[in-house]
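> With the sequence up front, the predicted model follows.
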Amino acid sequence: MTFEEAQKELEAVVRKLETGQADLDEALTLWQQGDELYRFCLGRLDSAQGKIEDLASKVDSLRPAEPA
């Protein structure tokens, strides 16, 4: 599953929960599904942030020193 797919599913879960029309059992199932999707998305974002920070660090280390 891609981040974008998980995000769309999470948005659909939130919409269903916001309507308030789900019975208790369905709402609990949706909440659990939403929590799993949220954690998945958060993990992907954290991973992407780490990769960006690593790349930024490499770019900074390759820049020539500025004359004083």
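That came through, no problem. Residues are numbered from 1 along each chain as shown.
> Show me what the helix or strand residue 58 falls within packs onto, helices and strands only.
Assessed by DSSP states H and E, residue 58 sits inside helix 24-62. Using 3 or more Cβ pairs under 8 Å, 6 or more residues apart in numbering; DSSP states H and E as the contact definition, the elements that helix 24-62 packs against are helix 3-19. Every residue, glycine included, has its C-beta placed from N, CA and C.
> Okay, angle between the helix it packs on and helix 24-62 too, please.
Between the axis of helix 3-19 and that of helix 24-62 there is an angle of 140 degrees, by axes from the mean of the first three to the mean of the last three Cα atoms, to 10 degrees.
> Residue numbering should commence at 55 henceforth.
Sure, I'll start counting at 55 from here, so that last one is helix 57-73.
> what comes into contact with helix 57-73?
For helix 57-73, contacts defined as Cβ atoms under 8 Å, 6 or more residues apart in numbering pick out 76, 81, 84-85, 87-88, 91-92, 94-95, 98-99.
> For residue 74, grab phi and psi.
Taking degrees, to the nearest 10, you get phi 70, psi 10 for the backbone angles of residue 74.
> That one: neighbouring residues, count only.
Taking other Cβ atoms under 10 Å as the criterion, the count of residues near residue 74 is 7.
> what sits against it?
Counted by Cβ under 8 Å, 6+ apart, residue 74 has zero contacts.
> and it, how far is that from residue 83?
Computed with Cβ to Cβ, to the nearest Å, the distance linking residue 74 and residue 83 is 15 Å.
> same deal with residue 95?
In this structure, residue 95 and residue 83 are separated by 19 Å, where distance is defined by Cβ to Cβ.
> okay, these two: which has more neighbours?
Under the neighbour definition other Cβ under 10 Å, residue 95 and residue 83 were set side by side, and residue 95 has more, 17 against 13.
> OK, contacts around the more buried one?
Under the criterion of Cβ under 8 Å, 6+ apart, the contact partners of residue 95 comprise 57, 60-61, 64.
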